[in-house]
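Trainee: Sequence first, predicted model second:
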Amino acid sequence: MTSDAYAWRFTGDPKEFLERTGAFLRSEPALHTVLLTVTDRLRKEGVAAYGEEPPYFGRLADEDGTARAALLRTPPYAL
C-alpha cells in the first residue's frame, strides 16, 4: 500500500474523535491511555477543560476510514 492510501483527518469534536478512533485506541489501552483519558475528560467537561483555546484531534485513516494513528493537542500543550 502506498502512502497515498492514507490521509490525516482533523476535528475539534472529542465525541467525533472517539467515534472514529475509539476501537483503534482501545485495542491497546495502555499504549493510548493519555489519548483515551484526556479525550474522555474533554467529552465530559467540555472542550475548555484544559484552557481557553480549543483542542484538536487527528487520525490517520486508511482508504476505508479505519484509524491507523491518532493525535491530540490541548493548547497550550504540545502534541
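Mentor: Perfect, thanks for sending it. Numbers count the residues shown, from 1 in each chain.
Trainee: show me where pLDDT drops low in the protein?
Mentor: The model of the chain has pLDDT under 70 over residues 1-4.
Trainee: In it, which residue is most central in space?
Mentor: Note on the chain: the residue nearest the mean C-alpha position is residue 57, at 4.2 Å, using C-alpha atoms, centre = their mean.
Trainee: what about the residue nearest to that one when sequence neighbours are not counted, how many neighbours?
Mentor: Sequence neighbours aside, residue 17 is the residue nearest to residue 57 in space, at 3.9 Å (criterion: C-beta to C-beta, 6 or more residues apart in numbering). Heads up, the C-betas are built off the backbone N, CA and C, glycines and all. By the criterion of other C-beta atoms under 10 Å, residue 17 has 27 neighbours.
Trainee: Same check on residue 20?
Mentor: Around residue 20 there are 19 other residues, counting by other C-beta under 10 Å.
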